[in-house]
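> Turn this into a structure:
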Amino acid sequence: MSQNQIAALLSLGFRSSTFGLQELTLPHLVTKQRNGVYRINAMRAGYQTPADARASIEAMDPVGWPDELHFIARYRQYQADTLIGMSDGIAWIGAHHHTPLSAMPGMLGGISLTLARGVETDEFLINLGADFDELAARAPCRELRAPAGQLGRPSPHLNRAMYGTCGEWTYVLEDWGMATWATGYQGKVESMLPCEGEEILCLTANRFSPPAVIIHAPDACAYRADFGTDTGQGSALDAALRATGAVFPSMPEASETEVVAYFEEHGERLPELVFTAVGAYTGVTIDQNDVKAGELPGVLIAPA
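A predicted model of the protein is given here:
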């Protein structure tokens, strides 16, 4: 059955059906036959006769048998491995959230990350304020020279941004204290307002006005969450945040004493947990060494 047929039967949008099928694929309840086409587990399907059922099940790979002795243990391990494998690719950014800035060719500490899909990379960067000629040059970030200023403070003129792509996502890295898209969106800059058919996910460090913030715009509407909370939309992103422990206890569910104690114990790791969750949700990986060395292409962008 095709994904479009499944979505129509269940009155789901394409994005919701995609997330649902991903969840069903992991424990082998459905298998992907080819792009957009899925098959239900033979032990869950209906048959005309017992003989048809037996023949179909005997043709299965035993790994997909839900009643196989080690199925549950293998599923849980695969689930954990998948989460770790997908998230390690940007977790390092969160791990260096509090790392002091230092003079280096690229970036490491205090990085803000903006992710976008459904929009061309160059178009997104131009919307952020990138120069056409600079964008066309694809110069490594280490070769760019922002106007001289105080280390760790935003330039009144231009700041460096490093960018690239991973799968269907464009990513933009900035270490001047905030994410340009976040400041532009909050300032209602027209070119930075989210649009239907696009998805933008921004983790802005907010160094000058804590706390750090998540802004998620799955379409034309955007939802904001401080680090340690979720967007309240019950989305796949929210599920990833909860699965990695990036949603901390809050009042009134917990007492003020409990909330403070939990934050004091786990707060230092919170940015890493948030980036881990976003890595799990998007599948994006970004090479730490390339970012540190400034090898990725860069542009100079004015604060929005």
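
> how about low-confidence regions in this structure?
1, 3, 12-28, 32-36, 43-44, 57, 60-88, 146-156 (pLDDT under 70).

> going on from whichever strand or helix holds residue 258, what's the next piece of helix or strand?
If you go by DSSP states H and E, residue 258 is part of helix 256-266. Using DSSP H and E, the helix or strand that follows helix 256-266 in sequence is helix 270-282.

> Buried ones in the helix holding residue 258, by neighbour count?
residue 259 (16 or more other Cβ atoms under 10 Å). Where you see a C-beta, it was placed from the backbone N, CA and C, and this is true even at glycine.

> what inclination does the strand ranked longest in the chain have with respect to helix 270-282?
Assignment by DSSP state E gives strand 159-166 as the longest strand of the chain. If you take axes from the mean of the first three to the mean of the last three Cα atoms, to 10 degrees, strand 159-166 sits at 40 degrees to helix 270-282.

> Buried residues of the following helix or strand past strand 159-166, list them for me.
Following strand 159-166 in sequence order, the next helix or strand is strand 169-174 (DSSP H and E). Buried residues in strand 169-174, counted by 16+ other Cβ under 10 Å: 169, 170, 171, 172, 173, 174.

> wait, what's in contact with the fourth one?
It refers to residue 172. 113-116, 124-125, 128, 161-163, 179-181 (Cβ atoms under 8 Å, 6 or more residues apart in numbering).

> for the last one, same thing?
The neighbours of residue 174, taking Cβ under 8 Å, 6+ apart as the test, are 107, 111, 112, 114, 159, 160, 161, 162, 180, 301.

> which residues touch the closest residue to the third one other than its chain neighbours?
Read that as residue 112. Nearest non-adjacent residue to residue 112, counting by Cβ to Cβ, 6 or more residues apart in numbering: residue 179, 3.8 Å away. Counting by Cβ under 8 Å, 6+ apart, residue 179 touches 112, 113, 114, 172, 202, 203, 204, 205.

> host element of the third one?
Secondary structure from DSSP H and E places residue 114 in strand 112-117.

> Tell me the first helix or strand C-terminal of that strand.
For strand 112-117, the following helix or strand on the C-terminal side (DSSP H and E) is helix 121-128.

> which residues touch that following helix?
Residues outside helix 121-128 that contact it (Cβ under 8 Å, 6+ apart) are 116, 119, 132, 135, 161, 163, 165, 170, 172, 180-181, 184, 191-192, 299, 301, 304.

> Just the buried residues of that helix, please?
Buried positions in helix 121-128, judged by neighbour count with 16+ other Cβ under 10 Å: 121, 124, 125, 127, 128.

> go on, stretch 268-285?
Residues of stretch 268-285 classed as buried: 270-285 (neighbour count, 16+ other Cβ under 10 Å).

> and if you look at stretch 185-205?
Those would be 185, 186, 189, 192, 194, 199, 200, 201, 202, 203, 204, 205, for stretch 185-205 by 16+ other Cβ under 10 Å.

> Can you tell me which of those residues is nearest residue 90?
residue 203 (9.1 Å; Cβ to Cβ).

> Distance from the chain centre to the helix or strand harbouring that closest one, please.
Element membership of residue 203, judged by DSSP H and E, is strand 199-204. Relative to its parent chain, strand 199-204 has a centroid offset of 8 Å by Cα atoms, centre = their mean, to the nearest Å.
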